[in-house]
Every structure is written in structure tokens, then in C-alpha cells.
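Chemist: Kindly return the folded structure for what I paste below:
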Amino acid sequence: MVKSFAGPDICVRLVRRYIASRSEQKIGVDGWDAVIEDSTEVDKLRSRGVPYKKGQKPKVWVFD
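Modeler: Take a look at the predicted model:
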């Protein structure tokens, strides 16, 4: 469960951890690549104006 800037908390599946200090360029912030897999979670964001398509499983960034 993560908080979104659009308002509602949503469930995501964490895919890959990114640690800025261990990256090659040493830029950015620590976080996770993630995927919103449940279509009801995508619909929550769509109702708040986020431009996802119906049925889409968007890749998102989750900050630490």
C-alpha cells in the first residue's frame, strides 16, 4: 500500500529496488520500480484525473 500524489492510497507490486548511491551515475533518489496490477486501483487514480487508460497496468515509481 502506497500513498499517491493524486489522493488515494493504492496497492502496487514492487518490482526492482533502486539505490542512488549504488547506481552507476550516483544520481536520483532511492525507491522502487513498481506496477499497479489491480484495475480497481487504476480506476481510483483515473477518477482523480490521472490519465491512465482503462485496463492498463501502469509502471510507477515508489519513493522511499
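Chemist: Report how many residues lie close to the closest residue to G55 other than its chain neighbours.
Modeler: Spatially, and ignoring its direct neighbours in sequence, G55 is nearest to S39 (6.1 Å; C-beta to C-beta, 6 or more residues apart in numbering). Backbone N, C-alpha and C define where each C-beta goes, glycine included. As a burial measure, S39 scores 14 neighbours (other C-beta atoms under 10 Å).
Chemist: Same question for I36.
Modeler: Neighbours of I36 (other C-beta under 10 Å): 22.
Chemist: what do you get for K44?
Modeler: Neighbour number of K44 under other C-beta under 10 Å is 19.
Chemist: Give me the nearest residue to it, chain neighbours excluded.
Modeler: Counting by C-beta to C-beta, 6+ apart, the residue nearest K44 is P8, at 4.5 Å.
Chemist: Do I have it right that the one you found meets V42?
Modeler: No - using C-beta atoms under 8 Å as the test, P8 is too far from V42 to be in contact (10.9 Å).
Chemist: Which of the two has more residues huddled nearby?
Modeler: V42 (20 against 13).
Chemist: For that one, give its distance to Y18.
Modeler: Noted for V42: a distance of 23 Å to Y18, by C-beta to C-beta, to the nearest Å.
Chemist: Need the per-residue pLDDT for D64.
Modeler: On pLDDT, D64 comes in at 87.
Chemist: 16 is where my numbering starts, stick with that
Modeler: OK, 16 is where the count begins now, so the last one is D79.
Chemist: mind listing what it touches?
Modeler: 44-47 (C-beta atoms under 8 Å, 6 or more residues apart in numbering).
Chemist: give the contact list for F78.
Modeler: So F78 contacts 44-46 (C-beta under 8 Å, 6+ apart).
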